[in-house]
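Asker: Sequence plus the predicted model coming up.
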Amino acid sequence: MTSTRNLAVEKMVVVEGCYAVAHAVKVCRPNVIAAYPITPQSHIVEVLSQFMADGEIPNCEYIHVESEFAALSALIGSSAVGARSYSATTSQGLELMHEVLFNVSGMRLPIVMTVTNRAVSAPINIWNDHQDSISQRDTGWIQLYAENVQEAADMTAQLYRISEDKDIMMPSMACMDGFILSHVYEPVVLLEQDITDEFLPPLRKECILNPKNPFTFGAFADPHFYTEFRYLQEQAMQNALQKIENVAKEFDYMYGRYFGGLIDKYQTEDAEIIIMAMGSIIGTIKEVIDHLRDKNVKVGLLKIRVFRPFPAEAIKSTIRDAKVVVVLDKNISLGMNAGALFIETKSVLYNTDINVPVIGYMIGHGGRDIPMSSIEKIIEDAKEVMKTGIKIESQFWDLKEELI
């Protein structure tokens, strides 16, 4: 494959996050788009609808449906006959899809869906946190979380390459923080059509619905067969770990942009304190790290780019020599008083020789602001743990005591 890094015209344009994602979907040449508008992802499917009206997405059908459940159900049919399929959703819409998410994964359909992360009800809240997609972590979908608009657009093409690989054939979510990324205007390099055509070949599924060569999808499985289906799904997830790394490197080779594979590291080489997080908060953390490094505070960042499949080995190798690990979660696993990233990080350290204390904070629920000062105060807590050895397991950050 010829490198086109130097052939790409690095022309930045200032566009809304939703537009950048919609443009990325367009150049991936989908065959079927099914969507139901819901804030804050509505602009993605609106822009795609305009592209369709202007004739800019050839060989594609755009299906207007009555609900998010129907949107994903329609894509089961399109993907089963071998069509590259796309949707976008958020929050309550994603929760309404819950049953269908399992069906898509169980039928091994490589659908790609953008999730513009938004808090879930009740109470009603339209601002950002990660509760919606984290709640779907066990449905068998690959999940990537974007740091900024450029990454949200770029991971769209990457996820099609990953999901459509014959050794994986699993659906995937490109998760981007609602409003913070979806509605912000940032300078980005839009995916070029010619490079994307080289990077992402047409979908070639081996098993499709075809009356000339009949197959059955999603059939009845009694206890004699069911366990093996789940085993094969898990094997596909494990196969995806290396594929995600390889695709990220190939994307960098083709386009000249790299946001990490499974993870990305920032100032971790000599870090005594390592902060783990996902999504748009990464930019704020980097600013704090740069500020504190000037004061000789040895703090680094472990960006978790992929939550499913969980990058256990990459995490362990990065935090092994740290003195304290701080995990920031924009979600909560109710009943555990902790966020999902904290829980899973602790679980992969069990029965290992890694003895670094891990402390967790649940932050930014329902869009609550996370200023640099909050990150600095959390780092002060971590320094206290280093000094005293007293562990802080997991706690809510910035609770308003007068409201509870």
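Answerer: On my side now, so go ahead. Remember, predicted model here, so these are calculated numbers, not experimental data.

Asker: What residues does residue 113 make contact with?
Answerer: The contact partners of residue 113, taken as CB atoms under 8 Å, 6 or more residues apart in numbering, are 72, 86, 87, 88, 89, 141, 171, 172, 173, 174. Where you see a C-beta, it was placed from the backbone N, CA and C, and this is true even at glycine.

Asker: can you confirm it is in a helix?
Answerer: No - counting by DSSP: H, G, I helix; E, B strand; the rest coil, residue 113 is not found in a helix; it is strand.

Asker: Show me the beta-bridge partners of it.
Answerer: residue 87, residue 173 (DSSP bridges).

Asker: Distance of it relative to residue 61?
Answerer: Distance, residue 113 to residue 61, by CB to CB, to the nearest Å: 17 Å.

Asker: what two of the contacts of residue 113 have the greatest distance between them?
Answerer: Of all pairs drawn from the contacts of residue 113, the greatest distance, 14.9 Å, lies between 72 and 174 (CB to CB).

Asker: which helix is the longest one in the protein?
Answerer: Longest helix in the chain, counting residues (DSSP state H): helix 226-255.

Asker: Give me the buried stretch members for that one, please.
Answerer: 233, 236-237, 239-241, 243-245, 247-248, 251, 254-255 (16 or more other CB atoms under 10 Å).

Asker: Just send those residues back as CSV, with pLDDT and distance to residue 362 too.
Answerer: Formatted as CSV, those follow (pLDDT from 0 to 100; distance: CB to CB, whole Å):
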residue, pLDDT, distance to residue 362
233, 98, 29
236, 98, 31
237, 98, 26
239, 98, 32
240, 98, 28
241, 98, 27
243, 98, 31
244, 98, 27
245, 98, 29
247, 98, 32
248, 98, 29
251, 98, 32
254, 97, 38
255, 96, 35
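
Asker: Using TSV, lay out the residues you listed together with distance to residue 149.
Answerer: Converted to TSV, the buried residues of helix 226-255 look like this (distance: CB to CB, whole Å):
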residue	distance to residue 149
233	31
236	29
237	27
239	29
240	24
241	26
243	24
244	20
245	23
247	20
248	17
251	16
254	19
255	15
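
Asker: excluding its backbone neighbours, what's nearest residue 249?
Answerer: In this structure, residue 249 finds its nearest non-sequential neighbour in residue 261, 7.0 Å apart by CB to CB, 6 or more residues apart in numbering.

Asker: on that earlier part again, of the buried residues of helix 226-255, closest to residue 156?
Answerer: Closest to residue 156, out of all of those and judged by CB to CB, is residue 251, at 10.9 Å.

Asker: show me where the stretch 101-250 of the chain has helices.
Answerer: For the stretch 101-250 of the chain, the helices defined by DSSP state H, counting those that start in this stretch occupy 131-134, 149-163, 193-199, 226-255.

Asker: Go through those and name the closest to residue 103.
Answerer: helix 226-255 (12.3 Å).

Asker: most surrounded residue in the contacts of residue 113?
Answerer: Of all the contacts of residue 113, the highest neighbour tally under other CB atoms under 10 Å goes to residue 88, namely 33 neighbours.

Asker: residue farthest from the centroid of this protein?
Answerer: The C-alpha centroid of the chain is most remote from residue 212, which lies 37.7 Å away (CA atoms, centre = their mean).

Asker: mind listing what the spatially most central residue of the chain touches?
Answerer: Centroid-nearest residue in the chain, with CA atoms, centre = their mean: residue 144, separated by 2.2 Å. By CB under 8 Å, 6+ apart, the contact list for residue 144 reads 155, 158, 159, 172, 173, 174, 175, 244, 305, 306, 307.

Asker: beta partners of it?
Answerer: residue 174, residue 306.

Asker: For the residue nearest to residue 249, which residues are in contact?
Answerer: Applying CB under 8 Å, 6+ apart, the residues near residue 261 are 244, 245, 246, 248, 249, 305, 306.

Asker: Please give the element, helix or strand, for the closest residue in space to the second one that isn't next to it in sequence.
Answerer: Taking CB to CB, 6+ apart as the measure, residue 245 lies nearest to residue 261, with 3.7 Å between them; neighbours along the chain are not counted. Residue 261 belongs to no helix or strand when assigned by DSSP states H and E.

Asker: Next, count neighbours for residue 178.
Answerer: 27.

Asker: phi, psi of it?
Answerer: Residue 178 adopts backbone torsions of phi -60, psi 140, taken as degrees, to the nearest 10.

Asker: Tell me how far it lies from residue 90.
Answerer: 6 Å.

Asker: Now for the two: what residues contact both?
Answerer: With CB under 8 Å, 6+ apart, residue 178 and residue 90 have common neighbours 39, 40, 41, 116, 117, 118.

Asker: would you say residue 341 is within a helix?
Answerer: Yes - checked against three-state DSSP, residue 341 lies within a helix.

Asker: burial count for it?
Answerer: The number of residues near residue 341, taken as other CB under 10 Å, comes to 25.
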